[in-house]
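based on what follows, work out the 3D shape:
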Amino acid sequence: MKKASLFVGYNFFVLVALLFLAEFATRVVKSEISIKGTTRSIIVDNLYNSTHGLRALSSGTTNGAAVSVDQYNFRKSSAKIDTSKASWLFIGDSVTFGMGIEDDSTFSAIVHSQADSLNILNPSASGNNINNYWDIFRCLVLGNRHNLKISRVSLFWCLNDVYTNVPDFAIPGGQVRYFFSDFITFIRIHSRLYHFVKTLAFDRPKSYFLFDNSFYDIENSEFQNAIKTIHQINESCSDRKIAFDIVLLPYEYQLREGDFTAQNLMQETLRNKINIQDPFQSKRNKVCNSKAYFLYGDGIHFSKFAHSYIAEFLIDYFTKV
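Model (predicted):
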């Protein structure tokens, strides 16, 4: 019995030592793997009616990158807001917020640093969908909160913005997160090895794309609600002589496989009524280095390289309108 206990204890010690060694090696060899998650204290509930937002004058991290929020509840950058200027409002989710990207390297911050005649306002936060966008729009544009002279509104559209009534349990990986939420949260924050193994073993970008893409059907009620709300925003902007456009953003799997059926449906449905911009129009064929545009193991959130690419597109577009 004693020998058996010693044997088990010895093997357990060896296993733990090997895991620590593998974790250390992963951190050295795969330095691009960052911790996951955004500091919860920078989020405040019901900031825009029933929609959450960024907490004014707060700071924290997002996937290890520094996050700062200004006095207007917008993501902060070194380019300051000048209330004497007109403003361009960026509405989006965690992608537009800049998950995993330092304050001055998000595409909103880069555009702000180069748009001398405009403020760039970025109230975006993780978890937003089309209904949240309507709440934000009503508060900042229709309600004229902060009185920041908004002259243009751009809605940055990701595939998962379309659905509003899908439980987390149904989303890819949702069942595992539901039953092991505390453990998953712990290892997501503390273990780079976990993210390395997960990326090798599973194609999460494909899973998320296939799930989200399934909502892009003209008969789907979630899709119909999204299109209706987009028209509401557009009509409200038109009534106030505010320019409005949608910027379509892809998933990694779409760049990898050249499958843009969801964005094509958006364009076909909204064509001739709403100005639609697509920074990745030139990349509609398969892109060999698709992963370079996204954070490690992440099929949705853009890398620093992609933020710079999108910013360049937006700056070029702005100079032409």
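
helix or strand next in line after whichever strand or helix holds F186, which one?
Assigned by DSSP states H and E, F186 falls within helix 181-190. The C-terminal neighbour of helix 181-190 among helices and strands, as given by DSSP H and E, is helix 192-201.

so what's the gap between the helix holding F186 and the chain middle?
20 Å (CA atoms, centre = their mean, to the nearest Å).

which pLDDT value goes with A170?
pLDDT recorded at A170 is 73.

and it, how many neighbours?
10 (other CB atoms under 10 Å). In short, each C-beta sits where N, CA and C put it, glycine included.

what's the spacing between it and D182?
Applying CB to CB, to the nearest Å, the value for A170 to D182 is 21 Å.

same question, K286
Counting by CB to CB - K286 and D182 are separated by 39 Å.

neighbour count winner among those two?
K286 (12 against 6).

could you confirm that one falls within a helix?
No. Using DSSP: H, G, I helix; E, B strand; the rest coil, the secondary structure at K286 is coil, not a helix.

what's near enough to touch it?
255-258 (CB atoms under 8 Å, 6 or more residues apart in numbering).

where along this structure do the helices fall?
With DSSP state H as the criterion, the chain has helices at 2-29, 94-97, 107-114, 130-137, 174-179, 181-190, 192-201, 204-213, 221-239, 252-257, 261-270, 304-320.

buried deepest among the ones you listed, which one?
Among the helices of the chain, ranked by average contacts under mean count of other CB atoms under 10 Å, first place goes to helix 94-97 (a mean of 25).

from K241, how far out is the most centrally placed residue in the chain?
Centroid-nearest residue in the chain, with CA atoms, centre = their mean: V95, separated by 1.9 Å. Separation of V95 from K241 (CB to CB) stands at 29 Å.

swap in L148?
For L148 relative to K241 (CB to CB), the value is 16 Å.

same check on N289?
Using CB to CB, N289 is found at 42 Å from K241.

before we move on, what about K283?
According to CB to CB, K283 and K241 sit 34 Å apart.

outside of stretch 213-225, which residues touch it?
130-131, 159, 162-166, 259, 261-262, 265-266, 269.

from the rest of the structure, what touches stretch 136-149?
Residues contacting stretch 136-149 (CB under 8 Å, 6+ apart): 47-49, 51, 53, 72, 81, 83, 85-87, 89, 91, 119, 121, 123, 128, 150, 153, 233, 236-237, 240, 242.

export only the CA atoms of that stretch, formatted as PDB.
The C-alpha coordinates for stretch 136-149 follow below in PDB (Å, rounded to 0.1, in the frame of the first residue of the first chain):
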ATOM      1  CA  ILE A 136     -26.100  53.300 -28.200                       C
ATOM      2  CA  PHE A 137     -27.300  55.200 -31.300                       C
ATOM      3  CA  ARG A 138     -30.400  56.400 -29.500                       C
ATOM      4  CA  CYS A 139     -28.400  57.800 -26.500                       C
ATOM      5  CA  LEU A 140     -25.400  59.300 -28.400                       C
ATOM      6  CA  VAL A 141     -27.200  60.500 -31.600                       C
ATOM      7  CA  LEU A 142     -30.900  60.900 -31.000                       C
ATOM      8  CA  GLY A 143     -30.400  61.900 -27.300                       C
ATOM      9  CA  ASN A 144     -27.300  63.900 -28.200                       C
ATOM     10  CA  ARG A 145     -25.500  62.900 -25.100                       C
ATOM     11  CA  HIS A 146     -22.300  64.900 -24.600                       C
ATOM     12  CA  ASN A 147     -23.300  67.200 -27.500                       C
ATOM     13  CA  LEU A 148     -20.300  66.100 -29.600                       C
ATOM     14  CA  LYS A 149     -21.600  67.300 -33.000                       C
END
